[in-house]
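Enquirer: Any chance you can model this:
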Amino acid sequence: MGCSCSHPPGKEVPVFIDNLCSSIGLDSEQKIPVDLAVSHFPGSSQWALAGQLMQAYHTSIVFDGCEYVFNREAGLGCRPLDRERFSTPPSHDDKTNTKVFQVGHTCIRGEALLRKLRPHFQPGSYDIVAKNCNAFTDRSSTADCSRLGSDGECEVARRDTSG
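Expert: Sure thing, here's the model as predicted:
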């Protein structure tokens, strides 16, 4: 996945994304839409934390023909999609109230972000509270797209995601 530069739905793409794409030789038509998929975990509305009923969510990033997701078993991965855009991605099939919506654009391919984030999201490093699918989604959407390496890859913000 390329670095996903997010902005609120319905807003114009920030100017710096157009400038970034131009700086590596891509025109604005070559920007790739980045979608966020959000679902409720079935039964989680009955979960309580500190006496408060809570709703738990599963999230993933969808773009460039793949769903990018972090889970306990496989770690960080990409699943090619055989579905229409905005339809329910595979990791959400057993969830409820799934919504898929565009959150931004990128001009970098998915492999670059996978290479940057995979060391932080290894199989076995999943934690239900501190390092889950939502942590991955957040980390991927806050990648710093304003700085590109000499190979055209985005520089990912250096934050500790270990919890």
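
Enquirer: CA only for contacts and neighbour counts going forward, please
Expert: Noted.

Enquirer: Can you give me the buried ones in the top strand by length along the chain?
Expert: Scanning the chain for the strand with the most residues, using DSSP state E, yields strand 96-106. Buried positions in strand 96-106, judged by neighbour count with 16 or more other Cα atoms under 10 Å: 98-106.

Enquirer: With stretch 106-118 instead?
Expert: 106-110, 112-114, 116-117.

Enquirer: Identify each of the helices in the chain and give its residue range.
Expert: Along the chain, the segments classed as helices by DSSP state H run 15-23, 110-117, 133-141.

Enquirer: mean pLDDT for those: which is lowest?
Expert: Least confidently modelled of these is helix 15-23, at a mean of 50 by mean pLDDT.

Enquirer: Low-confidence ranges, the protein, go.
Expert: The chain contains residues with pLDDT under 70 at 1-30, 45-51, 53, 142-163.

Enquirer: quick one: the strands in it?
Expert: 5-6, 32-40, 47-49, 52-54, 57-63, 66-71, 75-80, 96-106, 144-148, 154-155.

Enquirer: Can I get those in CSV including distance to residue 131?
Expert: Output for the strands of the chain, formatted as CSV (distance: least, Cα to Cα, whole Å):
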stretch, distance to residue 131
strand 5-6, 20
strand 32-40, 17
strand 47-49, 17
strand 52-54, 18
strand 57-63, 12
strand 66-71, 9
strand 75-80, 11
strand 96-106, 21
strand 144-148, 20
strand 154-155, 21
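
Enquirer: closest to residue 124 out of the ones you listed?
Expert: When the strands of the chain are compared by Cα to Cα, strand 75-80 sits nearest residue 124, at 6.9 Å.
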